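J.: compute the structure for the input listed below.
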Amino acid sequence: MCPIEAVSVARTSDNEVAEFLRVHPDTEAVDAFVIDANGHALGKRVPVADLAGLAASGVQFSACALLADVRGLGHGAAGLGTEDGDPDATGWPMPGTLVPVPWTRRPTAQVQLQMREVVNQQPLWWDPRVLLEAIVQRCRAAGLHPVIACELEFYLVDPGSAQQPGDALIPAGTHGRPQRAVNLSVDAIEEHGELLDAMRAAALAQRIPVASAVAEYGIGQFEINLMHIADPLAAADHAVLLRRVVQGVARARGIEATFMPRPFLTQPGSGLHVHVSLTDAAGKNLFGAAGGEQLLDQAIGGLQALTADSIALFAPHFNAHRRFSAPFVPRTTSWGHNNRSVAFRVPVSSPAARRIEHRIAGADSSPHLVLAAVLAGLHHGITQELSAGKAAPGKVSESLPEFSDGLLASLQRFEHSRLLAEYLPARYLGAYAHLKRGEYAAMMNGLLPAELAFYR
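T.: Next up, the predicted model:
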């Protein structure tokens, strides 16, 4: 039997480490982490003295961390962490991801890891980045080069106040005025200008390409936009890292930033909106070129075809399904031009910026898995020459069952989707569904406040 040949892994170089420490000589520790199935950072904090060794040899920790629930706990999905004996994998620092963490109490850096099997250094099949990368490669092989920009909505809340809707909203600031919801309010931006400026500065220090920040419809709700880039993996990474920045900077100032899709039943929900266009290899926008309208129609048709089976990725948690009853959240697979009531919006733009805005996903979803489903839909629709049907002429208010049947029903449809299994491994569909059912069961093991009000 031939020995297994180890594959080479691109990793942070000695020169990159040396240059970082030259610029940031006071650094005391390094957060080394992977991005799991929830878009959370899981890993280790190591002393800066170990950074050179980390770059040279990697760091070992449990391979099942990539398939953990929102608490960072495993559920033995696909036998990972249980039947396999819970083996370690090796986390290799990714080039270009060694950056400062400006909000920590002591000078800290962070570096993103790519996990590999210990012996042969093969990628792990349950790694969300690996799943997304495979679909990106299929798109590019078909001459479709995705360009992505993500928008993330979140609420700022007071972590010390009562956990009731309306009571947890942070004060209006130094002026003492009560908060009110004013969409696109520049006054609201100014009220929280120091905090939002600190978030922007921290994001830029970490090379996250942030664009604008806007006040949203909810009281204390904001949205930060990321710039369009032609690297879907980096776009998903940036969305995860931006959430980490927003929450870290807010926490350092005694405020909580939450990306819960529906933290307040009396306020709008928070979403992860994905803007996606397709270019040719030279970077020319295919939706804006000759024949682009037909290609756009096919792409939206593919998104529609995969939506129902992908709800478990767009709304991966119990709370996420509450968002589908919130204002401004699509509950059908409708599409339209310059229309925010639809699932797939075609914004006003020049031909060079022609794109689709996918508006279904909640702000707590995994950007990597959301993009995997979105790009799978585009590829499916274009290669199968589907059609989206007529654009919605105005506000869409009806609903479809798959948007409201809840988490368990969406997991059942996801796990047995033949269409998704053409893009994601069938064993991952089963493992993800197993994980989320376990998470749901663990949450339901406790009494919900409403139960006491209803049944006591």
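J.: what's the spacing between residue 429 and residue 128?
T.: Distance check for residue 429 against residue 128: by Cβ to Cβ, to the nearest Å, it reads 13 Å. C-beta coordinates here come from the backbone N, C-alpha and C atoms, glycine included.
J.: for these two, indicate the residue with more neighbours.
T.: Set side by side, residue 429 and residue 128 show more neighbours around residue 128, with 27 against 19, by other Cβ atoms under 10 Å.
J.: from residue 232, how far out is that one?
T.: Distance, residue 128 to residue 232, using Cβ to Cβ: 12 Å.
J.: what's the answer for residue 303, then?
T.: Between residue 303 and residue 232 the distance is 15 Å, computed by Cβ to Cβ.
J.: over to residue 147?
T.: 9 Å.
J.: and those two? Which one has more around it.
T.: Comparing residue 147 with residue 232 by other Cβ under 10 Å, the one with more neighbours is residue 232, at 26 against 19.
J.: for the more buried one, give me phi and psi.
T.: Torsion angles at residue 232 (phi, psi; degrees, to the nearest 10) stand at phi -60, psi -30.
J.: endpoints of stretch 102-120, how far apart?
T.: End-to-end distance for stretch 102-120, by Cα to Cα, to the nearest Å: 36 Å.
J.: pull out the buried residues from that stretch.
T.: By neighbour count with 16 or more other Cβ atoms under 10 Å, stretch 102-120 contains the buried residues 102-104, 108-117.
J.: now that stretch, how far from the chain's geometric center?
T.: Remark: stretch 102-120 is offset 18 Å from the chain centroid, using Cα atoms, centre = their mean, to the nearest Å.
J.: next one: stretch 350-359
T.: On Cα atoms, centre = their mean, the centre of stretch 350-359 falls 20 Å from the chain's centre.
J.: can you mark which positions in that stretch are buried?
T.: Buried residues in stretch 350-359, counted by 16+ other Cβ under 10 Å: 354-359.
J.: need those in CSV with pLDDT and distance to residue 298, can you?
T.: Listed next are these as CSV, based on pLDDT from 0 to 100; distance: Cβ to Cβ, whole Å:
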residue, pLDDT, distance to residue 298
354, 97, 14
355, 98, 15
356, 98, 11
357, 98, 17
358, 98, 15
359, 97, 19
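J.: I'd like those as JSON lines, with distance to residue 418 appended.
T.: Below are those laid out as JSON lines (distance: Cβ to Cβ, whole Å):
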{"residue": "354", "distance to residue 418": "31"}
{"residue": "355", "distance to residue 418": "29"}
{"residue": "356", "distance to residue 418": "24"}
{"residue": "357", "distance to residue 418": "28"}
{"residue": "358", "distance to residue 418": "22"}
{"residue": "359", "distance to residue 418": "26"}
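J.: and those residues, which two are the farthest apart?
T.: Across those, no pair lies farther apart than 354 and 359, at 16.9 Å, counting by Cβ to Cβ.
J.: helices along the stretch 351-456 of the chain, start to end?
T.: With DSSP state H, counting those that start in this stretch as the criterion, the stretch 351-456 of the chain has helices at 367-383, 407-415, 426-444, 449-455.
J.: just send the ones you listed back as CSV, with distance to residue 68 and mean pLDDT too.
T.: Below are those laid out as CSV (distance: least, Cβ to Cβ, whole Å; pLDDT from 0 to 100):
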stretch, distance to residue 68, mean pLDDT
helix 367-383, 14, 98
helix 407-415, 17, 97
helix 426-444, 8, 96
helix 449-455, 26, 78
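J.: for residue 323, find the nearest of those helices.
T.: Nearest to residue 323, of all those, is helix 407-415, at 12.0 Å by Cβ to Cβ.
J.: residues of that closest one that come out buried?
T.: Applying a neighbour-count criterion of 16+ other Cβ under 10 Å, the buried positions in helix 407-415 are 407, 410-411, 413-415.
J.: list just the nearest of these to residue 222.
T.: Of all the buried residues of helix 407-415, residue 222 sits closest to residue 407, with 26.7 Å by Cβ to Cβ.
J.: quick check: the closest one touching residue 312?
T.: Yes. Because the distance of 7.4 Å satisfies Cβ atoms under 8 Å, residue 407 is recorded as touching residue 312.
J.: any idea how far apart the tips of stretch 212-227 sit?
T.: Taking Cα to Cα, stretch 212-227 runs 9 Å from one end to the other.
J.: tell me the phi and psi of residue 328?
T.: Backbone torsions of residue 328, given as degrees, to the nearest 10, read phi 70, psi 20.
J.: not counting its neighbours along the chain, what's nearest it?
T.: residue 268 (5.8 Å; Cβ to Cβ, 6 or more residues apart in numbering).
J.: next one: residue 316
T.: If the residues on either side of it in the chain are set aside, residue 316 comes closest to residue 365, at 5.4 Å by Cβ to Cβ, 6+ apart.
J.: count the residues that sit near the one you found.
T.: Residue 365 sits with 25 neighbouring residues when counted by other Cβ under 10 Å.
J.: can you show me the CA trace of stretch 13-21 as PDB?
T.: Output in PDB follows, covering the C-alpha atoms of stretch 13-21 (Å, rounded to 0.1, in the frame of the first residue of the first chain):
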ATOM      1  CA  SER A  13       5.100  33.200   6.400                       C
ATOM      2  CA  ASP A  14       7.900  34.000   8.800                       C
ATOM      3  CA  ASN A  15       8.300  37.300   7.000                       C
ATOM      4  CA  GLU A  16       4.600  38.200   7.600                       C
ATOM      5  CA  VAL A  17       5.000  37.300  11.300                       C
ATOM      6  CA  ALA A  18       8.200  39.400  11.600                       C
ATOM      7  CA  GLU A  19       6.700  42.400   9.900                       C
ATOM      8  CA  PHE A  20       3.500  42.300  12.000                       C
ATOM      9  CA  LEU A  21       5.600  42.200  15.200                       C
END
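J.: what's in contact with that stretch?
T.: If you take Cβ atoms under 8 Å, 6 or more residues apart in numbering as the criterion, stretch 13-21 is touched by 27, 48, 51-52, 55-56, 95-96, 98, 109.
J.: these in strands, which ones?
T.: The strands, defined by DSSP state E, take in residue 109 from those.
J.: my guess is residue 228 contacts residue 147. True?
T.: Yes. If you go by Cβ under 8 Å, residue 228 and residue 147 touch, sitting 5.3 Å apart.
J.: mind listing the shared neighbours of those two?
T.: Common neighbours of residue 228 and residue 147, using Cβ under 8 Å, 6+ apart, are residue 277.
J.: quick one: the strands in the stretch 151-300 of the chain?
T.: Shown for the stretch 151-300 of the chain, the strands assigned by DSSP state E, counting those that start in this stretch span residues 210-215, 221-226, 256-258, 272-279.
J.: now the longest one - C-alpha only, PDB.
T.: C-alpha atoms of strand 272-279 as PDB (Å, rounded to 0.1, in the frame of the first residue of the first chain):
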ATOM      1  CA  LEU A 272     -27.900  39.300   6.000                       C
ATOM      2  CA  HIS A 273     -28.500  40.700   2.500                       C
ATOM      3  CA  VAL A 274     -26.200  39.400  -0.300                       C
ATOM      4  CA  HIS A 275     -25.600  41.400  -3.400                       C
ATOM      5  CA  VAL A 276     -24.300  39.200  -6.200                       C
ATOM      6  CA  SER A 277     -23.300  39.800  -9.800                       C
ATOM      7  CA  LEU A 278     -21.600  37.600 -12.300                       C
ATOM      8  CA  THR A 279     -18.700  38.600 -14.600                       C
END
